[in-house]
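**Student:** Make a model of this:
(chains A and B)
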Amino acid sequence: MTDHQWSELAAAYALDALAPEERERFEAHLAECAACRGEVQALHEVSVLLADAAPVATPPAGLRDRILRDARQTRPIISGRAPIIPWLAAAASLLLALGFGYVYLHERADRQRASAALAAARDTVAARDSLIATIFSPDVVTAALATTGKAPSARLFWNPSRHRIVMAVFYLPPAPAGRTYQLWAIAQGKPVSLGVFNTATDGRLTAAMEVPPGLTFELTAVTEEPAGGSPTPTQQPFLIGKVTPAD
Amino acid sequence: MLDDRQGQLRAPDRALVERMSAGDERALGELYDRHGEMAYSLALAVARERADAEEIVADVFGQAWRNAATYDPGRGSVAGWLATITRTRALDLVRARGRRVRAMERAARADADGLASPMGAAADPPDRRIERGEARRLVTRSLGELPDPQRRVIELAYFGGLTQSEIAAELQEPLGTVKTRMRAGMEKLRGSLAVLRSGGGS
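**Tutor:** Residues are numbered from 1 along each chain as shown, chains lettered A, B, ... in the order given. A predicted model of the protein is given here:
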């Protein structure tokens, strides 16, 4: 199933050792390959365990107090689980770098003690974490796609400045053999393909897709197409969503 | 520790995180008591400066405090979550300071024993819970049992934050060789650490 080239990348991906272009290519592959997702998941768990290989060092005595003191000056951002969270987790699962995601949500008034270096570090994280960053940008617009019936639904996060979309799909059974799903942007009445995708056996998918720079659209739609996708939709869309501004 | 299985004996880590999300500072203190050393050790292994490691760990726990509600147990253990944040922070700090190459040179020079030297296990404080010590020893030993070339590429990636191409340049080896070693090493670790990989499940 998993051919040699891709599974070689899986180990490097789990260690976050791919160059950015390679990582993006692999993520695109991951979106369509359950075998590689499983591989990455397992190898990522291994990489997380490597933290234990660090030589043991004892933290300075005052560190605990300092952390508690800092905590008293800030409150947890969200109490209780906000509806966005499962989305966030789903999106993060693709990157498998949860830390990057969590880095994103916070940043508040307790900055005074954060050194300039750490501020710069946050920028680095921002640059690297394209998937999460796509979602958490002020200009992000979203579209919820739903059927007239019940089951499948999808949600898009479109980040115009990064030309990227993050799509999360639920309850959509995998396309039959030889078929694929295709996401369309409807720009002034004309469908423009944003890419093909398929869901896992659990009916879910989270994937990032490129949006052609300069393309703006009001509607998004999903159709089922022959494997590889079609230049224009060959079927009526079964999911349609209107793009709504973030605020 | 990187797994939550000690849960039978005390509140599981994720219960602490839940309390944190409700604003319970004592839960944060307890989380630090459990994982502060792991985070500090990791931060120090990456950043190589004690003052930086302290900043990183303060930041990591501050972040865990603020974002406790975003922790999703389905995605892995609390310790894994903290380790991931710690590593990311530490690498970013090192990168921001342009210190990475230097740190890596040191790591490469020390390659004869590397990070998986017995030093890790030997320095284990005696009052550690047995399970924790055992897991750590298993990870250290498994890494130490890899052929040196495989272990080095994994250490340079994990602790050094180097990409495969950077590792190839650093070691003056062909990229293909680095890729093969990284994969082979990770596959071996996957086998030898299978017993510890309880966290995220798949």
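**Student:** which SSE is the nearest residue to A:Ala14 once chain neighbours are set aside in?
**Tutor:** Using CB to CB, 6 or more residues apart in numbering or on different chains and skipping residues adjacent in sequence, the residue nearest A:Ala14 is A:Leu43, 3.6 Å away. (Each C-beta comes from the backbone N, C-alpha and C, glycine too.) Assessed by DSSP states H and E, A:Leu43 sits inside helix A:34-49.
**Student:** how far away is A:Arg162 from chain B?
**Tutor:** 20 Å (CB to the nearest CB, to the nearest Å).
**Student:** Going along the chain, name the strands of chain A.
**Tutor:** Remark: strands assigned in chain A by DSSP state E are A:141-146, A:153-159, A:164-170, A:179-187, A:190-197, A:205-210, A:219-226, A:239-244.
**Student:** so which of those strands comes closest to B:Asp72?
**Tutor:** strand A:205-210 (13.2 Å; CB to CB).
**Student:** could you say what helices and strands that closest one packs with?
**Tutor:** Judged by 3 or more CB pairs under 8 Å, 6 or more residues apart in numbering or on different chains; DSSP states H and E, the packing partners of strand A:205-210 are helix A:20-32, helix A:84-95, helix A:130-135, strand A:164-170, strand A:190-197.
**Student:** coming back round to it: as CSV, the strands of chain A with mean pLDDT and mean neighbour count would be great.
**Tutor:** Converted to CSV, the strands of chain A look like this (pLDDT from 0 to 100; neighbours: other CB atoms under 10 Å in any protein chain shown):
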stretch, mean pLDDT, mean neighbour count
strand A:141-146, 64, 17
strand A:153-159, 80, 22
strand A:164-170, 83, 22
strand A:179-187, 89, 21
strand A:190-197, 89, 19
strand A:205-210, 82, 21
strand A:219-226, 87, 20
strand A:239-244, 80, 16
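**Student:** I'd like to know which of those strands is closest to A:Ala14.
**Tutor:** Ranking these by proximity to A:Ala14 (CB to CB) places strand A:205-210 first, at 17.4 Å.
**Student:** quick one, that closest one and helix A:34-49 angle?
**Tutor:** Here the directions of strand A:205-210 and helix A:34-49 differ by 90 degrees (axes from the mean of the first three to the mean of the last three CA atoms, to 10 degrees).
**Student:** Give me the sheet partners of strand A:205-210 and which way each runs.
**Tutor:** Sheet pairing of strand A:205-210 (DSSP bridges) gives strand A:164-170 (antiparallel).
**Student:** Low-confidence regions, chain A specifically.
**Tutor:** A:1-4, A:75-151, A:245-247 (pLDDT under 70).
**Student:** Domain map for it?
**Tutor:** For chain A, the structural domains run A:4-52, A:63-135, A:141-244, going by automatic domain parsing.
**Student:** quick one: contacts for B:Leu16?
**Tutor:** Each residue near B:Leu16 by CB atoms under 8 Å, 6 or more residues apart in numbering or on different chains is listed here: B:27-28, B:30-31, B:34, B:78.
**Student:** hmm, 10 Å instead?
**Tutor:** B:Leu16 makes contacts with B:10, B:24, B:26-35, B:64, B:68, B:78, as judged by CB atoms under 10 Å, 6 or more residues apart in numbering or on different chains.
**Student:** Then A:Ala187?
**Tutor:** A:212, A:215-219.
**Student:** B:Val60 touches B:Gly36, doesn't it?
**Tutor:** Yes - counting by CB atoms under 10 Å, B:Gly36 is a contact partner of B:Val60 at 9.3 Å.
**Student:** Would you mind grabbing the residues shared as contacts by the two?
**Tutor:** Common neighbours of B:Val60 and B:Gly36 (CB under 10 Å, 6+ apart) are A:67, B:82.
**Student:** Looking at those two, which is more packed in?
**Tutor:** B:Val60 (31 against 20; other CB atoms under 10 Å in any protein chain shown).
**Student:** Check the gap between the more buried one and B:Gln172 for me.
**Tutor:** As for B:Val60, its distance to B:Gln172 is 34 Å (criterion: CB to CB, to the nearest Å).
**Student:** Have a look at chain B and report its longest helix.
**Tutor:** Assignment by DSSP state H gives helix B:25-47 as the longest helix of chain B.
**Student:** Go through it and flag the buried ones.
**Tutor:** Neighbour-count burial for helix B:25-47 flags B:27-32, B:34-47 (criterion: 16 or more other CB atoms under 10 Å in any protein chain shown).
**Student:** continuing past it, what's the next helix or strand?
**Tutor:** helix B:50-66.
**Student:** Please pull out the lowest mean pLDDT helix or strand from chain B.
**Tutor:** Averaged element by element with mean pLDDT, DSSP states H and E, chain B has its least confident helix or strand at helix B:119-122 (a mean of 37).
**Student:** Past that one, which element shows up next along the chain?
**Tutor:** Moving toward the C-terminus from helix B:119-122, the next helix or strand (DSSP H and E) is helix B:130-145.
**Student:** now that following helix, how far from the centre of its chain.
**Tutor:** Helix B:130-145 sits 13 Å away from the centroid of its parent chain (CA atoms, centre = their mean, to the nearest Å).
**Student:** What is it packed up against?
**Tutor:** helix A:34-49, helix B:25-47, helix B:119-122, helix B:148-158, helix B:175-192 (3 or more CB pairs under 10 Å, 6 or more residues apart in numbering or on different chains; DSSP states H and E).
**Student:** now chain B, which segments are flagged as low pLDDT?
**Tutor:** Applying pLDDT under 70 to chain B flags residues B:1-9, B:99-132, B:197-202.
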